[in-house]
Every structure is written in C-alpha cells, then in structure tokens.
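In: Sequence and predicted model, in that order:
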Amino acid sequence: AQSVAQPEDQVNVAEGNPLTVKCTYSVSGNPYLFWYVQYPNRGLQFLLKYITGDNLVKGSYGFEAEFNKSQTSFHLKKPSALVSDSALYFCAVRHYGNNRLAFGKGNQVVVIP
Amino acid sequence: NAGVTQTPKFRVLKTGQSMTLLCAQDMNHEYMYWYRQDPGMGLRLIHYSVGEGTTAKGEVPDGYNVSRLKKQNFLLGLESAAPSQTSVYFCASTGGDGNYEQYFGPGTRLTVT
C-alpha cells in the first residue's frame, strides 16, 4: 500500500534560515509525489509535485523539493524562511494505478521572527 | 473560475440529526473526493468518485453516503450524526489528465454535540 511518513510534528526555524520539511514514502511502482500547504482555516494549496525528470523540483512561493529514490525521500526545502511560511505542510503520494492520494499527517512549520 | 466551493462553511448538529454537505467544481474535473481532517491524523479519504454517476469507498466511509448525480457536484451525507464525526471536511477534485494534483475547497467545519 502507498504511504508517506512525516516524522516531525513541528519544525521551528528562525526567519531567514533554511527550512526543511521531511517526507519519506512507500509505493508500488514509480512514485508520484506532492507537497501541499495549509494556512489557518483554509483548504490545502498545491505547492509542487514530482512525477518524472529532474530530481530537484521547483514550486510556488520559493519552495523546492528533492526526490531521492535510494532513500525514498521527498524533502521540502526553502533557502530562506519567511514568517508568512508558518503553516501546516502535507506530503502526499499517488496510489498506484488510480488518482487517489495518500497524505502524511502533516508538519506544523513555525517561523520565528 | 471559482475552483472548488463547499457549502456550508460551518455547521453544528445534534447527535442523530442528518445533513448534506455540497461540493461544486467548475473545472470540468472527472474525479472528486471527500476527506476529513482531524488533529494529528492528516487527511483521510471518506468517499470518492471517478466520474458522473459513480462513487466508491475510501479509508473511512462508515456513517457517510455520497452521490454524484452531476459532474460538477459531489454531495456528502450524514444520515445520523455522531460526535465522532466532528471534524473539518474537505472536498477536492482533479482532472485525471496526467497532472494528478488535487484542488481543494475551503472546508466545512462540523461540530456534532
């Protein structure tokens, strides 16, 4: 069965410092991986995805993610965090052979001014 | 485009009452989904639809029913609400055109007392 793990409940980072949110996955077949962000009292917004191609994927709001097949990871990164990046971040993987997604439990990111 | 909209935004029910949540999308998407979000549990799929007139069970379907009579609408029903159904409900859709990312509505916050 497809699944993702987000090992940290909360990530605290100082404004201006690099931000990393970790995700590891387990899939049958080729992994289709996604990152979403959720601001308070809002729905999820798509940030970026990996389907094929370059292992470094660039997305919205200056975020990027690195696909690492050997480590089965898809960590989200941002070189310089902003206070406005404080939100809940979800990693997701597509179920093999259909259009369902399996979501991780989410990581709360707190950027400290 | 309005994207994905959900009605209502908030609702309080008493145990045993029934209600229907409405999801509408204007992107001509084939696939639609209902999730619930609970603290520390991420998003869990309740039911989904792969096209007009079709529905299927997700991870946590018990106590819910759905219908997809029109392509643009996906209804989630609670026949006899229970306190365990207190949650935030999200609808999502995707086109099934090889992009796979899902587009989310703003959510419905439901409290069952």
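Out: The structure has been received and is ready for your questions. In this text the structure is predicted, and so the values were computed from the model without any measurement.
In: Show the backbone phi and psi for residue B:105.
Out: Dihedral pair for residue B:105: phi -80, psi 180, per degrees, to the nearest 10.
In: For chain A, which segments count as strands?
Out: Ranges of strands in chain A, per DSSP state E, are A:3-5, A:10-14, A:19-21, A:24-26, A:33-38, A:44-50, A:56-58, A:64-68, A:73-78, A:87-94, A:101-103, A:107-112.
In: closest to residue B:71 out of the ones you listed?
Out: Comparing those by their distance to residue B:71 (CB to CB), the top pick is strand A:101-103, with 20.5 Å. Any C-beta I mention is one placed from the backbone N, CA and C, and that applies to glycine too.
In: Pull up the residues of chain A that are close to chain B.
Out: Residues of chain A lying near chain B by CB under 8 Å from any CB of the partner chain: A:9, A:32, A:34, A:36, A:41-46, A:49, A:51, A:90, A:94, A:98-101, A:103-106.
In: if I look at residue B:22, how far off is residue B:98?
Out: 28 Å (CB to CB, to the nearest Å).
In: And residue B:83, by the same measure?
Out: As for residue B:83, its distance to residue B:98 is 41 Å (criterion: CB to CB).
In: swap in residue B:67?
Out: 27 Å.
In: of those two, who's got more company?
Out: When residue B:67 and residue B:98 are compared for neighbours, residue B:67 comes out ahead with 15 against 6, by other CB atoms under 10 Å in any protein chain shown.
In: ok, what's across the strand from the residue lying closest to that one once chain neighbours are set aside?
Out: Nearest non-adjacent residue to residue B:67, counting by CB to CB, 6 or more residues apart in numbering or on different chains: residue B:75, 4.9 Å away. Applying DSSP bridges to residue B:75 gives these bridge partners: residue B:22, residue B:67.
In: who's in contact with residue B:75?
Out: B:20, B:21, B:22, B:23, B:66, B:67, B:68, B:69 (CB atoms under 8 Å, 6 or more residues apart in numbering or on different chains).
In: tally of neighbours for the nearest residue in space to residue A:5 that is not next to it in sequence?
Out: Counting by CB to CB, 6+ apart, residue A:5 lies nearest to residue A:24, which is 5.0 Å off, once chain neighbours are set aside. As a burial measure, residue A:24 scores 17 neighbours (other CB under 10 Å).
In: same thing with residue A:40?
Out: 7.
In: cool, and residue B:111?
Out: 13.
In: For chain A, give me the ranges with low pLDDT.
Out: Along chain A, the model assigns pLDDT under 70 to no residue.
In: Recalculate using a threshold of 80.
Out: A:1, A:96-98 (pLDDT under 80).
In: and the gap between the residue nearest to residue B:67 and chain A?
Out: 18 Å (CB to the nearest CB, to the nearest Å).
In: what's the pLDDT at that residue?
Out: Per-residue confidence (pLDDT) for residue B:75: 98.
In: Is residue A:103 in contact with residue A:94, as I believe?
Out: No: using CB atoms under 8 Å as the test, residue A:103 is too far from residue A:94 to be in contact (11.0 Å).
In: Just list whatever residues bridge to the most centrally placed residue in chain B.
Out: For chain B, residue B:34 is the residue whose C-alpha lies nearest the centre (CA atoms, centre = their mean; 2.9 Å). Beta-bridge partners for residue B:34, by DSSP bridges, are residue B:47, residue B:91.
In: show me the contacts for residue B:112.
Out: B:12, B:13, B:14, B:15, B:81, B:82, B:83, B:84, B:85, B:86.
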